[in-house]
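K.L.:
Give me a 3D structure for the following:
(4 chains, ligands or ions: 2)
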Amino acid sequence: MRSVLSTDPDPPFKRLRVALEVEIPSDVRCIERVVELVARQCQELEYNPRQIALNVPVALTEALSNAILRGNHEDPDKNVQVRAEVDREQLIMEVADEGDGFDLDMCIVDPAIGDNVLREDGRGLFLMRRLMDRIERYSNHRNIVRMVMRRHD
Amino acid sequence: MRSVLSTDPDPPFKRLRVALEVEIPSDVRCIERVVELVARQCQELEYNPRQIALNVPVALTEALSNAILRGNHEDPDKNVQVRAEVDREQLIMEVADEGDGFDLDMCIVDPAIGDNVLREDGRGLFLMRRLMDRIERYSNHRNIVRMVMRRHD
Amino acid sequence: MSFSIKKQGEIVVVDVEGQLIVGNRQELKQKVLDELERGEKKFLIDFSQTGYIDSSGLGVLVSLSKKIREQGGELRLANLNDDLKTLFELTKLDTLFQIADTRERALESF
Amino acid sequence: MSFSIKKQGEIVVVDVEGQLIVGNRQELKQKVLDELERGEKKFLIDFSQTGYIDSSGLGVLVSLSKKIREQGGELRLANLNDDLKTLFELTKLDTLFQIADTRERALESF
Ligand SMILES: Nc1ncnc2c1ncn2[C@@H]1O[C@H](COP(=O)(O)OP(=O)(O)O)[C@@H](O)[C@H]1O
Ligand SMILES: Nc1ncnc2c1ncn2[C@@H]1O[C@H](COP(=O)(O)OP(=O)(O)O)[C@@H](O)[C@H]1O
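P.N.:
Ligands and ions are numbered 1, 2, ... in the order given. Coordinates of the predicted model:
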């Protein structure tokens, strides 16, 4: 004799929103754990498996490594701050470094054209643009790169 | 031939803070999933296993069932909102219902004394008080019960 | 969360799998009352597969223990983990129930 | 994340376990270059156990493919899952590398 309580599925949440704030030292070895944390929240909100396995990890890794290497130049006295907000509509990620910033609109090299394909670098911002729905940069004491991705089923 | 990249542990995060906002219908079947979500964040932040398995689930379940049953009287037009904030220091949980509120300081029955042990009800607030470091109630359009628990290793 | 009930000799053994909380306690209560009505007298509730219990879960246990005693029956609890033991101690319900460490001991104790 | 290298016939087979990203790509590069220096010419990198790859991981693959070709060697990739395939397509690196669906096909293709 065994009975499972209710055969109806539990009623869905009306709303769910998760916000994360992480601060890490300027050390690329921290990247993977941050990515895992953010990806797990997207999983909780039932984002598309490809978004969880590809778009989010790659775009966030790029933003973090740029912040650590280009922004903070791996200075142990400088930190990188990450904010992520996830709900059923979209994921917003912000990566802030203590560097001088850069002109995002000037960085529009297409690494997928001609001999650029043979280059070892220069694919970071390109991938962020292709894997996110929107990326932008602004300053607020710190240099902040903001990425937005709409949720797909 | 196999090599694991670094034998040093990855450098720890400087700071990690997770905030959750959930809104559920006035239905007790939603409780368990909310509890799971909050407990998982505490796990992420390496709270003590007992806090994850006992203090958080029981106190939050009590607050949620009071909000659903006592506050909203299971009215399908009323919702319950939950906010949880977790960092390495403490967990703050707020449960808001659309009821008239109540006087927390008047509800100080001790269910562990004398014949009260034989009663079927009246253990909810008692357990919340014993399992959390602080509980308080306030109004802000809604009736809000706020619980604070310091993290133990 | 689910409850499984089986007879072991003349003892009704209930396993509580998952949480025993406001959302499902009625189910446990009804199942045990049904057995009581059928004339069963000896009940063992085993918590080895239980997560957490809330105040209304505790309330159902108190209510069942009364009803079983009224019918001249007996209720034993078994396999509370340390967290659940703490819960019973906080509420002094460890003084109300007969609690055994293992299922075997509980079965022998009737 | 870890890399395991073994010889299969005259082919050096590298398994990338976990992520291939900025934090560990140097390790992969060094391992393959060491083999190249020892005189190895045929390389297969298998991604069946790989999570994600970032731009610097891709950069290391480009760099290795050049260095191997300079020494008269060959590099093949195998077992890219759909997400990784998309990454190679986005960056047009699918046109630069010889990519096989399975390890067996990659081994046969040398
Ligand atoms: N956080 C940052 N701070 C300063 N400069 C940056 C930052 N992110 C990107 N950049 C600039 O944008 C350029 C392009 O970045 P990217 O596309 O990631 O390629 P790569 O880093 O391989 O050069 C970098 O070389 C750097 O000059
Ligand atoms: N969210 C709430 N809204 C209104 N009244 C509440 C709420 N939470 C608790 N109460 C009041 O406090 C009393 C004690 O609650 P509790 O200790 O959980 O025991 P029980 O719910 O079993 O009576 C309740 O009976 C109710 O009157």
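K.L.:
Mind naming the longest helix for chain A?
P.N.:
The residue-count maximum for a helix in chain A (DSSP state H) belongs to helix A:31-44.
K.L.:
Checking the most centrally placed residue in chain C next. Helix, strand or coil?
P.N.:
Geometric centre of chain C, nearest residue: residue C:45, 3.3 Å, by Cα atoms, centre = their mean. Secondary structure, DSSP: H, G, I helix; E, B strand; the rest coil: residue C:45 is strand.
K.L.:
Any idea what it is bridged to?
P.N.:
Residue C:45 forms beta bridges with residue C:14, residue C:77, as assigned by DSSP bridges.
K.L.:
pretty sure it contacts residue C:20?
P.N.:
No. Using Cβ atoms under 8 Å, residue C:45 makes no contact with residue C:20, being 9.1 Å away. In this view, the C-beta of every residue, glycine as well, is placed from N, C-alpha and C.
K.L.:
so the longest helix of chain A versus helix B:31-44, what angle?
P.N.:
For helix A:31-44 against helix B:31-44, the angle by axes from the mean of the first three to the mean of the last three Cα atoms, to 10 degrees is 180 degrees.
K.L.:
for the longest strand belonging to chain A, which positions count as buried?
P.N.:
Using DSSP state E to define each element, chain A has its longest strand at strand A:15-25. Residues of strand A:15-25 classed as buried: A:16, A:17, A:18, A:19, A:20, A:21, A:22, A:23, A:24, A:25 (neighbour count, 16 or more other Cβ atoms under 10 Å in any protein chain shown).
K.L.:
cool, and stretch A:119-130?
P.N.:
For stretch A:119-130, the buried set under the neighbour-count rule, 16+ other Cβ under 10 Å, comprises A:120, A:123, A:124, A:125, A:126, A:127, A:128, A:129, A:130.
K.L.:
which ones among those are found in helices?
P.N.:
Those of the buried residues of stretch A:119-130 lying in helices (DSSP H): A:124, A:125, A:126, A:127, A:128, A:129, A:130.
K.L.:
could you pull out the helices for the chain?
P.N.:
Chain wasn't specified; assuming chain A. Using DSSP H, the helices of chain A run over A:31-44, A:49-50, A:56-65, A:124-131.
K.L.:
switch to chain C, that's the one I care about
P.N.:
Taking DSSP H as the test, the helices found in chain C are C:25-37, C:55-70, C:82-90, C:103-108.
K.L.:
what residues does chain C put near ligand 2?
P.N.:
Taking Cβ under 6 Å from any ligand atom as the measure of proximity, chain C contacts ligand 2 at residue C:55.
K.L.:
what about the one helix or strand in chain C whose mean pLDDT sits lowest, near chain A?
P.N.:
Sorting the helices and strands of chain C by mean pLDDT, DSSP states H and E puts strand C:2-8 at the bottom, at a mean of 93. Yes. Interface with chain A: strand C:2-8 contributes C:2, C:3, C:4, C:5, C:6 (Cβ under 8 Å from any Cβ of the partner chain).
K.L.:
Output that strand as CSV, restricted to C-alpha atoms.
P.N.:
This file holds the C-alpha atoms of strand C:2-8, laid out as CSV (Å, rounded to 0.1, in the frame of the first residue of the first chain):
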residue,chain,number,x,y,z
SER,C,2,4.4,9.8,0.3
PHE,C,3,3.4,7.5,3.1
SER,C,4,3.6,3.7,2.8
ILE,C,5,1.7,1.5,5.2
LYS,C,6,2.3,-2.2,5.8
LYS,C,7,1.4,-4.8,8.4
GLN,C,8,4.2,-6.5,10.2
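K.L.:
how distant is that strand from the center of its chain?
P.N.:
Per Cα atoms, centre = their mean, to the nearest Å, the displacement of strand C:2-8 from the mean C-alpha position of its chain is 11 Å.
K.L.:
ok, now stretch C:97-110?
P.N.:
For stretch C:97-110, the distance to the chain centre is 11 Å (Cα atoms, centre = their mean).
K.L.:
Please tell me how far the residue of chain A found nearest ligand 1 sits from residue D:57.
P.N.:
Distances between chain A and ligand 1 by Cβ to the nearest ligand atom are smallest at residue A:124, namely 2.0 Å. The gap separating residue A:124 from residue D:57 is 11 Å, by Cβ to Cβ, to the nearest Å.
K.L.:
Burial check on residue C:57, number of neighbours?
P.N.:
24 (other Cβ atoms under 10 Å in any protein chain shown).
K.L.:
Residue A:144 pairs with what?
P.N.:
residue A:96, residue A:138.
K.L.:
residues in contact with it?
P.N.:
By Cβ atoms under 8 Å, 6 or more residues apart in numbering or on different chains, the residues touching residue A:144 are A:94, A:95, A:96, A:137, A:138.
K.L.:
nearest residue to the second one other than its sequence neighbours?
P.N.:
The reference is to residue A:95. residue A:63 (4.2 Å; Cβ to Cβ, 6 or more residues apart in numbering or on different chains).
K.L.:
Count residues in the vicinity of that neighbour, would you?
P.N.:
Neighbour count for residue A:63, taken as other Cβ under 10 Å: 28.
K.L.:
swap in the one 5 residues further on?
P.N.:
Other residues within reach of residue A:68 by the criterion other Cβ under 10 Å amount to 28.
K.L.:
With residue C:104 instead?
P.N.:
For residue C:104, using other Cβ under 10 Å, the count is 10.
K.L.:
Just the pLDDT at residue A:26, thanks.
P.N.:
We have a pLDDT of 98 for residue A:26.
K.L.:
so what's it closest to, chain neighbours aside?
P.N.:
Closest residue in space to residue A:26, ignoring its immediate chain neighbours: residue A:72 at 4.1 Å, by Cβ to Cβ, 6+ apart.
K.L.:
Please report how far the residue nearest the centre of chain A lies from residue A:92.
P.N.:
Centroid check for chain A by Cα atoms, centre = their mean gives residue A:60 as the closest residue, at 3.1 Å. Distance check for residue A:60 against residue A:92: by Cβ to Cβ, it reads 12 Å.
K.L.:
list residues touching both of those two?
P.N.:
Counting by Cβ under 8 Å, 6+ apart, the contacts common to residue A:60 and residue A:92 are residue A:147.
K.L.:
Tell me where the model's unsure across the chain.
P.N.:
All of this refers to chain A. Scanning chain A for pLDDT under 70 picks out the ranges A:1-8.
K.L.:
Chain C is the one I meant
P.N.:
C:1.
K.L.:
need the contact list for residue 20.
P.N.:
Assuming you mean chain A. A:37, A:38, A:41, A:82, A:83, A:84, A:85, B:16, B:17, B:18, B:19.
K.L.:
The intended chain is chain C.
P.N.:
Residues near residue C:20 by Cβ under 8 Å, 6+ apart: C:1, C:28, C:50, C:52, C:53, C:54, C:57, C:60.
K.L.:
go on, residue A:39?
P.N.:
With Cβ under 8 Å, 6+ apart, residue A:39 has these contacts: A:52, A:53, A:56, A:57.
K.L.:
The last one and chain D, how far apart?
P.N.:
Applying Cβ to the nearest Cβ, to the nearest Å, the value for residue A:57 to chain D is 4 Å.
K.L.:
Kindly provide the distance from the residue nearest to that residue when sequence neighbours are not counted to residue B:126.
P.N.:
Distance criterion Cβ to Cβ, 6+ apart; nearest residue to residue A:57, sequence neighbours excluded, is residue D:52 at 4.3 Å. Residue D:52 is 49 Å from residue B:126, where distance means Cβ to Cβ.
K.L.:
re earlier: is it correct that the residue nearest to the centre of chain A is in contact with residue A:32?
P.N.:
No. The pair formed by residue A:60 and residue A:32 falls short of the contact definition of Cβ under 8 Å, at 10.2 Å.
K.L.:
ok, so of the contacts of residue A:39, who is nearest residue D:13?
P.N.:
Nearest to residue D:13, judged by Cβ to Cβ, of the contacts of residue A:39 is residue A:53 at 24.1 Å.
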